[in-house]
Each structure stands twice: as C-alpha cells, then as structure tokens.
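Asker: Compute the structure for the input listed below.
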Amino acid sequence: MEDLTTFLSKSLIGWLVIQVCLTLVFFWYLRSYKQPLSSDEQLPKTAVILCLRGADPYLPNCVRSLLKQNYPQYDLKLIIDSPEDPAFKIVKEAITEIGATNFQISTLRTVRHNCSLKCSSLVQAVSDLDDSYQVVALVDADTIVHPNWLRELVSPLTDDKVGLTTGNRWYVPTGKYWGSLVRYAGNVSSVVQMFLFQVPWGGSLAIKKELLNQTELLKKWGEAFGDDMLMHKIIKKHGLRIKFVPSLLMVNREESDLTNLFASVKRLILCSRLYHPNWLALVSDAVSSILFPTVTIILALELLLATEWNASVSLFKSYSIYTIGLLLLMLVMELGVQEVIRSQGQVTPQVSLTTIIKMLIAIPLTQWVYGLAILSSLWMSTVTWRGLTYKVQGPWNVHLVEYHPYQWLDQPIDGKLSL
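Answerer: Next up is the predicted model:
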C-alpha cells in the first residue's frame with residue numbers, strides 16, 4: 001500500500017509539472033506571436049462557408065460579424081439545411097438589417113446518407129465555388145468574429161509552406177449552469193492539446209482552395225462524420241504546415257447543462273478516436289489527467305476510513321497540490337486569453353472569487369464527467385446530433401439513419417443553451 005501511495009503521489013506531481021511546462025509553451029506562443037497582416041493587394045479572394053441546421057443562440061451576431069469584415073474580396077456562402085429551418089428566417093433578417101450584398105444563401109440539395117449533414121453541406125458549398133476563389137474559410141454558427149478575423153486568418157496563407165490556418169474557441173467561466181463550467185475547464189486543456197498536436201478547429205479555419213482540388217478532402221468529407229480533425233493528415237501528407245493564430249481565439253458565451261455537455265463530449269471523443277492524428281497520446285493524457293486523480297482521492301478516502309492517517313494525509317496533500325496547481329494554470333490561461341479577447345474589442349468577463357471557487361470545484365467534476373464520457377464512448381456506434389441519428393462503424397463507414405428537417409420545436413427552451 002505504501003508503494004502505491006508513493007507512486008500515485010509522484011505521478012500526480014509529475015503530471016502537474018508536465019502540464020505546467022506545456023501550458024507555458026502555449027502561453028509563450030500566445031504572447032510572442034507576431035503575424036504581419038497582408039495588404040489588400042496580397043489577399044486572395046475568399047469564400048467563407050457557414051453551414052447551418054437550427055438557430056444557434058448567437059446566430060444573428062455571427063452573421064452580422066461575418067459580413068462586416070475588413071477584407072477586400074470575400075463572399076459569405078450560407079448552406080442551410082432546408083427552407084423551413086429556423087435559421088433561414090434569422091439569417092435573412094440579419095442580412096437585411098445591415099444591407100450586405102456579398103452573400104449567397106443555398107439550401108442543402110442532396111442529403112448524403114454516408115456522412116454527416118455538415119460534411120454534406122461542405123461538399124456542396126466547395127463544389128459550387130468557381131475558380132476565382134483562392135481560399136476557403138470555414139466558420140461555425142457559435143463563432144462571433146471581430147472585423148480583422150478574415151484578414152488575420154488568411155494572411156499566413158501567403159507563405160507557400162502554410163497550407164491551413166486555424167484558431168480555437170474559448171468559453172467563458174461565468175455561466176449559470178455547471179455544464180458550462182465543466183465545458184470551460186475541459187476546453188482549457190483542449191486548447192493546449194490542439195495547439196501542440198496542430199489539430200484544426202472547424203469553427204475558424206482557412207485552407208488554400210488548390211489543396212481542396214489536389215487532395216482527397218472532398219471525397220473524405222463525403223464519407224466522414226467529422227470535418228476538421230481529418231484535415232491534419234491530409235495537410236501534413238503534402239508537406240505543408242498548419243498554423244495556429246492566437247488572435248483567433250474566439251470567445252463563446254453559450255451555455256450548456258450537464259446533460260447536453262455529456263452528449264457533446266461523447267461525440268467529440270468519438271471524433272477524436274476516429275480522426276485525431278495522435279489518438280494514443282490523447283488516451284495517455286486522459287489516463288494521467290482523469291484516472292490518477294480519481295484513484296488518488298478514492299484511495300485517500302478508503303485509507304481515512306481505515307484510520308491509516310499518514311497515508312491518507314499524504315494522498316490528500318498530493319491531490320490538493322495537483323488540483324490547486326490546475327486552478328492556477330486555468331487562471332493564468334484566462335488572463336492571457338482575456339488580453340486577446342480585449343484586443344478584439346470584446347468585453348471580458350470578470351472572474352470573481354465566487355467564480356474561482358466554482359472553478360476549483362469544477363476540476364474534479366470535469367475529470368469525472370470526461371472519464372465517464374470516455375468509458376461510455378468506447379463502444380459507441382450510434383450518435384444523435386442536432387436531432388438526427390447516425391450509425392458510425394468506422395471513420396469512413398457512416399450511415400444517416402433517417403433525415404428530417406429541423407423544426408422550431410427542436411430548439412432549446414433556454415435561448416442561450418447550445419444545440
């Protein structure tokens with residue numbers, strides 16, 4: 001028992017040191033990154049693609065922000081699931097409000113039953129583009145961009161060695177649901193992982209159109225469940241770099257309860273298992289971040305009940321150091337990202353003492369939620385996503401069970417809850 005106690009204590013502290021080092025690497029990149037913005041003459045004509053099913057809470061803000069870009073030549077291509085989709089009316093009202101002309105609204109013409117609905121929309125949108133477009137940018141409906149977003153996203157692509165640029169999302173820690181706080185805590189770790197592994201995020205991404213023509217990406221999308229993670233291998237296969245742009249950390253103010261969060265985490269883990277370029281490394285990280293702390297606290301409680309005070313105190317001490325260390329890392333990351341968010345002209349949330357206490361509680365809660373999600377997703381073959389059910393037997397073996405248009409009744413009761 002003493003050997004196990006020592007092993008768990010050393011493992012926790014050792015893993016905390018590793019996480020500190022990895023976070024500092026990300027933080028250094030965040031602070032030191034300097035990307036000169038290209039002039040109007042250097043910027044290629046770009047198509048911004050937004051695929052919609054359902055009315056996301058901040059969809060009007062998203063559409064308005066996309067049509068107010070400081071960029072010379074670009075068009076917003078909206079692919080909406082069906083004419084009766086709630087998003088259709090919202091999008092038209094937002095566009096009419098600002099009087100934009102650089103847009104095109106299309107409905108999904110062909111519902112493919114061997115890939116996700118989003119991948120069906122992407123295949124249609126890219127296939128419809130003419131040769132005047134040199135860059136394709138992807139964005140999600142929960143992304144509210146700043147005026148220089150597209151310029152900052154596309155500028156690094158003027159380097160011949162860069163094939164894809166990406167940002168990431170950043171949730172706020174001040175939500176009213178515990179699901180929102182757990183999602184925030186999990187995302188802090190995910191942002192660092194995706195930076196280190198160069199995993200693209202489809203919510204803010206740009207790729208050279210010639211790559212779409214030269215690679216098998218459209219074919220892969222036509223058979224896949226996820227759209228972004230699989231792009232890593234394709235870009236690397238052609239000897240090109242994936243560039244993470246820190247100024248494209250997009251703040252997300254949507255809410256999530258624990259039930260919706262659990263379903264979305266399972267879906268994310270499934271996509272990671274199918275397409276993540278370093279899935280085994282992700283599993284190792286999960287074991288270190290979830291299994292060791294959980295085993296430590298359970299064993300500490302058992303030793304306490306068995307009146308083995310010294311061993312129990314030792315484990316509680318290691319667990320406390322580890323948890324408080326993670327909290328400090330989260331606060332350091334929050335301060336760094338808040339600086340990025342302020343530079344975008346957005347208001348940053350105030351992290352009060354109450355919020356910090358909730359963040360501390362959310363750390364073990366996040367470990368348990370993600371641990372359960374990983375376990376329940378290991379043999380997962382059926383996924384429900386935006387009201388549709390998919391059978392997923394492998395990365396390129398996806399079947400949409402039955403299609404039906406999205407309805408207003410499918411919308412969450414709380415207008416700020418994510419779909």
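
Asker: how about the nearest residue to Ser116, chain neighbours excluded?
Answerer: Once flanking residues are discounted, Ser116 sits nearest to Phe225: 5.0 Å by CB to CB, 6 or more residues apart in numbering. From N, CA and C alone the C-beta is placed, and that goes for glycine too.

Asker: Please enumerate the strands of the chain.
Answerer: According to DSSP state E, the chain carries its strands in the segments 46-52, 74-80, 103-107, 135-139, 162-171, 204-208, 241-252, 382-385, 388-394, 397-400.

Asker: Any chance of the ones you listed in CSV with mean pLDDT, distance to Leu326 and mean neighbour count as columns?
Answerer: Shown next, in CSV, are the strands of the chain (pLDDT from 0 to 100; distance: least, CB to CB, whole Å; neighbours: other CB atoms under 10 Å):
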stretch, mean pLDDT, distance to Leu326, mean neighbour count
strand 46-52, 98, 35, 25
strand 74-80, 97, 40, 22
strand 103-107, 96, 43, 15
strand 135-139, 98, 31, 25
strand 162-171, 96, 16, 23
strand 204-208, 96, 26, 25
strand 241-252, 94, 20, 21
strand 382-385, 93, 30, 14
strand 388-394, 95, 32, 15
strand 397-400, 96, 36, 17
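
Asker: so which of the ones you listed gets nearest Leu304?
Answerer: strand 162-171 (34.9 Å; CB to CB).

Asker: Quick one: end-to-end distance for stretch 300-315.
Answerer: With CA to CA, to the nearest Å as the measure, stretch 300-315 spans 6 Å from end to end.

Asker: From the chain's centroid, how far away is stretch 205-223?
Answerer: Taking CA atoms, centre = their mean, to the nearest Å, one finds stretch 205-223 lying 20 Å from the centre of the chain it belongs to.

Asker: ok, now which ones touch Gly336?
Answerer: Shown in contact with Gly336 (CB atoms under 8 Å, 6 or more residues apart in numbering): Phe27, Leu30, Arg31.

Asker: can you do 6 Å?
Answerer: Gly336 is in contact with Phe27, Leu30, counting by CB atoms under 6 Å, 6 or more residues apart in numbering.

Asker: quick one: the helices in the protein?
Answerer: Taking DSSP state H as the criterion, the chain carries its helices at 2-32, 59-66, 86-98, 117-127, 149-154, 178-197, 209-214, 217-221, 231-237, 258-275, 279-286, 292-305, 309-343, 353-377.

Asker: from these, which stretch is densest packed?
Answerer: helix 149-154 (a mean of 24; mean count of other CB atoms under 10 Å).

Asker: Report the mean confidence score over that one.
Answerer: Averaging pLDDT along helix 149-154 gives 97.

Asker: Give me the helices and strands touching it, please.
Answerer: Using 3 or more CB pairs under 6 Å, 6 or more residues apart in numbering; DSSP states H and E as the contact test, no helix or strand touches helix 149-154.

Asker: can you do 7 Å?
Answerer: The helices and strands touching helix 149-154, judged by 3 or more CB pairs under 7 Å, 6 or more residues apart in numbering; DSSP states H and E, are strand 46-52, strand 135-139, strand 204-208, strand 241-252.

Asker: Contacts for the longest one, please.
Answerer: Contacts to strand 241-252, defined as CB atoms under 7 Å, 6 or more residues apart in numbering, come from residues 29-30, 33, 35, 142-145, 149, 152-153, 156, 161-172, 195, 198, 200, 203-204, 232, 235, 337, 340-341, 343, 346.

Asker: how does it look with 6 Å?
Answerer: 30, 33, 142-143, 152, 156, 161-162, 164-171, 195, 198, 204, 235, 337, 340-341, 346.

Asker: hmm, back to that, for the residue nearest to Ser116, give me the pLDDT.
Answerer: 96.

Asker: wait, it sits on Trp396?
Answerer: No - using CB atoms under 6 Å, Phe225 is not in contact with Trp396; the gap is 9.2 Å.

Asker: between the two, which one's more packed in?
Answerer: Ranked by neighbour count (other CB atoms under 10 Å), Phe225 and Trp396 place Phe225 first, with 25 against 15.

Asker: Looking at the backbone only, give me phi and psi for the more buried one.
Answerer: As for Phe225, its main-chain torsions (degrees, to the nearest 10) stand at phi -90, psi -40.

Asker: Distance-wise, check it relative to Ser120.
Answerer: Note on Phe225: its distance to Ser120, by CB to CB, to the nearest Å, is 11 Å.

Asker: List the residues that contact the residue sitting furthest away from the middle of the chain.
Answerer: What lies farthest from the middle of the chain is Thr307; by CA atoms, centre = their mean that is 44.8 Å. Going by CB under 6 Å, 6+ apart, Thr307 touches no other residue.

Asker: Dump stretch 174-194 to CSV, restricted to CA.
Answerer: Only the C-alpha atoms of stretch 174-194 are listed here, as CSV (Å, rounded to 0.1, in the frame of the first residue of the first chain):
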residue,chain,number,x,y,z
THR,A,174,-19.2,32.7,-15.7
GLY,A,175,-22.1,30.6,-16.9
LYS,A,176,-25.1,29.7,-14.7
TYR,A,177,-25.0,26.0,-15.5
TRP,A,178,-22.4,23.6,-14.1
GLY,A,179,-22.2,22.1,-17.6
SER,A,180,-20.9,25.4,-18.8
LEU,A,181,-18.2,25.5,-16.2
VAL,A,182,-17.2,21.9,-16.8
ARG,A,183,-17.0,22.6,-20.5
TYR,A,184,-14.8,25.6,-19.8
ALA,A,185,-12.4,23.6,-17.7
GLY,A,186,-12.2,20.8,-20.3
ASN,A,187,-11.7,23.3,-23.1
VAL,A,188,-8.7,24.9,-21.3
SER,A,189,-6.9,21.6,-21.7
SER,A,190,-8.2,21.0,-25.2
VAL,A,191,-6.9,24.3,-26.5
VAL,A,192,-3.3,23.5,-25.4
GLN,A,193,-3.6,19.9,-26.8
MET,A,194,-4.9,21.1,-30.2
